[in-house]
Each structure stands twice: as C-alpha cells, then as structure tokens.
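>>> I need the structure of the sequence given here:
(chains A and B)
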Amino acid sequence: MSIKRDDLVDFVYAEARMLDEGRYDEWLELWLPDGHYWMPLDWKQTDPLHVTSFLFEDMFMLKLRVERLNGARTFSQKPKSRCHHVIQRPFVDEMNDEAGRYVTNTNMHYVETRQDEQFLLALTATHELKLVDGRLRIANKRVDLLNCDAAFGNIQLLP
Amino acid sequence: MGRYTDNREAVAALVRGREVHRDVYIDDEVFRLEMKHLFANTWVFVGHDSQTPNKGDYFTTQVGDQPVIMVRHTDNEIKVLYNRCPHKGTKIAIDRTGNTGKFFRCPYHAWSFKTDGCLLAIPLKKGYEGTGLDQSEGSRGMKAVGAVKNYRGFVFARLAEEGISFEEFFGNALSSLDNMVDRSPAGRLEVAGPPLRYMHRCNWKMLVENQTDTCHPMVAHESSAGTAVQIWNELGYTEDDPKPPAMEIIAPFMSPYEFFENMGIRTWPNGHGHTGVNHSIHSNYSAIPGYFEALCDAYGKQKAKAILDENRHNTVYFPNIMIKGPIQQLRVFIPLAADKTLVESYIYRLVDAPDELTARTAMYNRMINAPTSIVGHDDLEMYERAQEGLHADGLEWVNVQRLYEEDEDFDEERVENGTTERQMRNQFHAWVKFMTVSMNEKEAAE
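Numbers count the residues shown, from 1 in each chain, chains lettered A, B, ... in the order given. Predicted structure coming up:
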C-alpha cells in the first residue's frame, strides 16, 4: 500500500472526529504501543521529561484517562463534558515512504463544554504517523496550545 | 465599612473550636480584610532565587492582592518592590520574568529607578524645580515591602513594616524546607521550568485545608487512582509487582484510612503543619541509581540516611503555600477574590542529583496538579461545589471537628493521628490572630 497526501489528511480529520464523538476504544486502537501524547506547558518546549508539561501520557495513562471518563464515581464528569474540533487542512511536513514515516502539522480550534461553561483553545497538533501492516498509526502526537502560559480551569477531554 | 471592618470581635467570632462560619469563604468584605491584614502581617512566599539568577533579573507576582517585583539587585541580594511607578501608578514590569539591567525604567514617562527602588532620574526634571518634589511620595522611588527573607533560596516577604520576625513566624516548621533542600547533595535547588497555572473558582483556604485533608483521597480520587489500580490488576499484576513510575505515584492515593491514620499529622504554631510524620504516599518510590551514593559523599552515610528517611507528605506554610519535600514541589494558592484562586505549582531540581529525580517530580506535577490532570479534576469539582453549596441558607457553619479535643493549645508543637483536622483548626487559629493583630483597637472595643 502506498500512502497519498489525502490519506494523511483524512487520518487527522478522522482522529478528531473520534475524539468529538467519544469513540475512545477506536481512538486507542490508532496508537502504536510506545506512543506518547504530549501537550507542552512552555512555548516551544523541547524537553518533555525534566520540566512540567500538561500531558506526556503513554498508553497506560491514556487508557486510564478514557476509562475514568466513564466511571461510576467520576464526579467531575457528572454531567459529562462534550468537545468539538474545527480543523484547518493539515500541512504534510514529512512524507517518507521508505521509512513509512509521515508528519503532519494541523491548526485547530478546540471547544469544550460542560453545564453553563464553554471555552475555546487554539492549538497546533503535530502527528507523527507510521505505516504498520498496511495501516496508518499514531507514533506520537504533540499538541501545542497557543496560550499555553495562561491559567486554565479544568480541561477534561482531549484537545 | 461593613460588619467586619475594624471589628475584632466579629472577625474572631467567625471561628469556633469545632466549626467556622461560611463568611470566611464567601464574604467579599472578609476577603478584603484578609488582603489588608492577614497577607500583610504574615510572611508570604514570593519566589525562588533561582528564578532571578543574575543581577537585574526580575520576576513579577503578587503577595496577597499586591503586585510585586522580585529582583536581584546589583549587590546580589533579592529585593521585593511594589510593582507600581510612584509617579502615575503604571506597573513597571508586565512580563513574568526578564532582565532590567541596572535600573527599571517606567514605560510611561521614563522615570527610572535603581533595582532597590531608589529614584535614579526624571526626564526634564527642571519642571519640578521649586515644586517641593522632595516632599512627595513620588520622589522616594519604588516602594519596597516591609521585610524580605531569603531562606535557602526561598524568598518570603512581610508587607507590614513592623511585625513578627521570620524566625518566630516559622520556627521549627522550617525543618520541612530544610529537608527538601538537604536532598540536594549541593544543598541547593533550582527551579525547573515554568509553573502549572490552574484557575479555581473557590476560596483560597479550601485549597490550603485540602493539603492536610487525609479523608478525601480514597473518595474523591477513586475515579482516577482506583481505576489505575483496577487496570493494573487487569493486566495481571498484583500489589507486590514492581510498578512503573506513574503507578508508584497514583496508586497510594487509594490507600485505606488506616494508612492515613498512621501517617500522623504534626502542627506548629502560627498555622503551619504537615502530614506524613511516620510515612507518606511518597515513601515507597523506587531508589534512583547513584543518588544515595551522591548524598553519602556530600553528608556521610548517617546523615544521608536521615535525610531520606523523612518522607513528609504535604507541609502547609500558613497562609498560602504547600511544599512536598520528598519530590521538591511547591504549590502557591494565590487569592484573587473570595471565590477565585490561582494555583501555581512549581517543581525544583536537586543540584548535583540524577536527572531521573526531576523526571519523577515533573511526572507527579502533571499527573496530579495540572488543569489536564485526572486527579486535579475531581479536587476542583469538590471545591467549586462547596463554594456554591455554602450559599445555602439552611446551614451557616463548616465542620472541622474530626478528632477535636477540648482546650487545644496551638502554640505547642503536636503530633496526632493522621486523620485529625487539628491542622485546619490550627490554620484558623492563626487566621484570627493575624487578621485582628493590626485592626483598629479603638473601634474593636466599642
């Protein structure tokens, strides 16, 4: 199978739709087992490990995060939050067919709501994708918030 | 003027032995009095001196509701100045950190000041000739806070010119800060990156009380810590298997009541106290290779062991910070309004210790205290529900009487059962003391 530019674009759109529709089991299946979801705290942060980030989650933490959302005693999700991504067409920054490695860069507006509150985050998502057994998978995902240095209330779902 | 201004009796009556009146959390006048009295009369955390390592480096923050600049002066000492031009009131510095060189220059009319606040120059100064400028407040330069103390890198300020000394205010409570700093083989911490900034629509004291509330983790955090343990077990592991760092951090939140009862709570005079006298949720973290050896080289084996044997959980420094010595974390609960608090969570690296320790601390910070944290979400939910619930007129008092004893003396250091609410009572005892100490006596006597 050869990957076309549109396959990468479609992948990024489809991933966002899974998050918006809460199809988390399907979403976890997109990931390679050693992938990390990184949301830096600092503008242009380079080190995920030795300074604080918002998120730097491996598969165990991501699984925990989505399982918790449906827990009987998950008080901050009673009632549940909803979210919504509006995506600008992804840039394809790297297409390495030989290595099966692809990188996209996507600007998004993310809206999350619960009860009477709703907030907007502007962000840039960088997807590192890999072709494994004929299927695109997420090797790593980085989400940079435009206002990463601002103070936030709860951000409960996945931007 | 309302019910509480210059009325010592009314303020003192908000705190009874076993309960406190809801106005301490929801009343705007009480909040304004806290800013005017409590946060002026106590020693309040400003920042860490590694945030301003070079001369002219500054950091802007607030002490209570007062905007301040922490700056390293030309003599290498840390100064804390009000962030206000004495001319028209403009904030001198707006960015959170920066370097101002040898002087501050107001961006409005270019009045300039040395980094200790002294007036350096005014453009077109002849316009003030014969106007008595030297008798004005403005001519004295940027105002410094009442007193500053740099304790092993941690900078505290007392806004009031006169008042309790740093040493008397903190006393033996400084042992927690000492242990945190001693954990560096060099006896020195450095701030690691910017802090998490987490906005809470609740009163600042709810956060401070929660630091020694040992009966909430297994309830409020069942959804995160409980689910983590459940997933761990489903993967086929048991309690005794070696855990990855994330599990080491989150699993102890589900410890039973007995664990928290036995951990113990120590209280010190002036509202300070800590959980984890005997053990804590930080006790069973894996050893990092090379760290103990580095500590032994620095201190000798006996002292190195004593430093690591101390595993204090949360130490509250009244009024508004908490530190975790074993992981070098500091959280400051910045009051913005009666129902609004900004929480900033800092981490520090141990100079001359392995980087893996900093990595574990950074992991703890993001897992537990970030706006994206599955643990923090449930805490914030509880605080905000309480802030709203307290407006219910059916009940006016908040209960703090777990393991209450008659005639508790908060001027003595005590160690108690780890689930006591004595530390909350200790904080409110100090709250009344520092709220009323500078109130107008004449009116209070009416």
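>>> tell me which residue in chain A sits closest to chain B.
Taking CB to the nearest CB, chain B has its nearest neighbour within chain A at residue A:51, 2.9 Å off. In this view, the C-beta of every residue, glycine as well, is placed from N, C-alpha and C.
>>> how close does the nearest residue to that residue once chain neighbours are set aside sit to residue B:394?
Taking CB to CB, 6 or more residues apart in numbering or on different chains, and ignoring the residues beside it in sequence, residue A:51 has residue B:193 as its nearest neighbour in space, at 2.9 Å. Between residue B:193 and residue B:394 the distance is 46 Å, computed by CB to CB, to the nearest Å.
>>> more neighbours, the two?
Neighbour totals were compared for residue B:193 and residue B:394, and residue B:193 leads with 21 against 4 (other CB atoms under 10 Å in any protein chain shown).
>>> what residues are up against that one?
Residues touching residue B:193, when contacts are defined by CB atoms under 8 Å, 6 or more residues apart in numbering or on different chains, comprise A:41, A:42, A:45, A:50, A:51, A:52, B:347, B:362.
>>> surely the first one touches residue A:147?
No: contact status for residue A:41 versus residue A:147: not in contact, 11.5 Å apart, counting by CB atoms under 8 Å.
>>> compare those two (neighbour count), which wins?
Neighbours were counted for residue A:41 and for residue A:147 using other CB under 10 Å; residue A:41 has more, 26 against 12.
>>> got the phi and psi for that one?
phi -90, psi -30 (degrees, to the nearest 10).
>>> so who does it touch?
The neighbours of residue A:41, taking CB under 8 Å, 6+ apart as the test, are A:51, A:52, A:53, A:54, A:148, B:193, B:194, B:196, B:366, B:370.
>>> one more time with 6 Å, if that's ok
When the contact criterion is CB atoms under 6 Å, 6 or more residues apart in numbering or on different chains, the partners of residue A:41 are A:52, A:53, A:54.
>>> report pLDDT for it.
Reported pLDDT at residue A:41 in the predicted model: 98.
>>> going by neighbour count, list what's buried in the top strand by length along chain A.
When secondary structure is assigned using DSSP state E, the longest strand within chain A turns out to be strand A:117-132. If you call a residue buried by 16 or more other CB atoms under 10 Å in any protein chain shown, then strand A:117-132 has these buried ones: A:121, A:123, A:125, A:126, A:127, A:128, A:129, A:130, A:131.
>>> let's have those residues in JSON lines, adding pLDDT and distance to chain B.
Putting the buried residues of strand A:117-132 into JSON lines (pLDDT from 0 to 100; distance: CB to the nearest CB, whole Å) gives the following:
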{"residue": "A:121", "pLDDT": "98", "distance to chain B": "11"}
{"residue": "A:123", "pLDDT": "98", "distance to chain B": "12"}
{"residue": "A:125", "pLDDT": "98", "distance to chain B": "15"}
{"residue": "A:126", "pLDDT": "98", "distance to chain B": "17"}
{"residue": "A:127", "pLDDT": "98", "distance to chain B": "19"}
{"residue": "A:128", "pLDDT": "98", "distance to chain B": "20"}
{"residue": "A:129", "pLDDT": "98", "distance to chain B": "23"}
{"residue": "A:130", "pLDDT": "98", "distance to chain B": "23"}
{"residue": "A:131", "pLDDT": "97", "distance to chain B": "28"}
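>>> hmm, which two among those residues are most spread apart?
When those are compared pair by pair using CB to CB, the farthest-apart members prove to be A:121 and A:131, with a separation of 30.0 Å.
>>> how about the contacts made by residue B:33?
Neighbours of residue B:33 in contact, by CB under 6 Å, 6+ apart: residue B:4.
>>> so it sits in a helix?
Yes: residue state for residue B:33 (DSSP: H, G, I helix; E, B strand; the rest coil) corresponds to a helix.
>>> distance of it from chain A?
25 Å (CB to the nearest CB, to the nearest Å).
>>> go on, residue B:265?
The span separating residue B:265 from chain A equals 25 Å under the rule CB to the nearest CB.
>>> repeat that for residue B:168.
Residue B:168 sits at a distance of 34 Å from chain A (criterion: CB to the nearest CB).
>>> surely that residue is in a helix?
Yes: if the criterion is three-state DSSP, then residue B:168 is within a helix.
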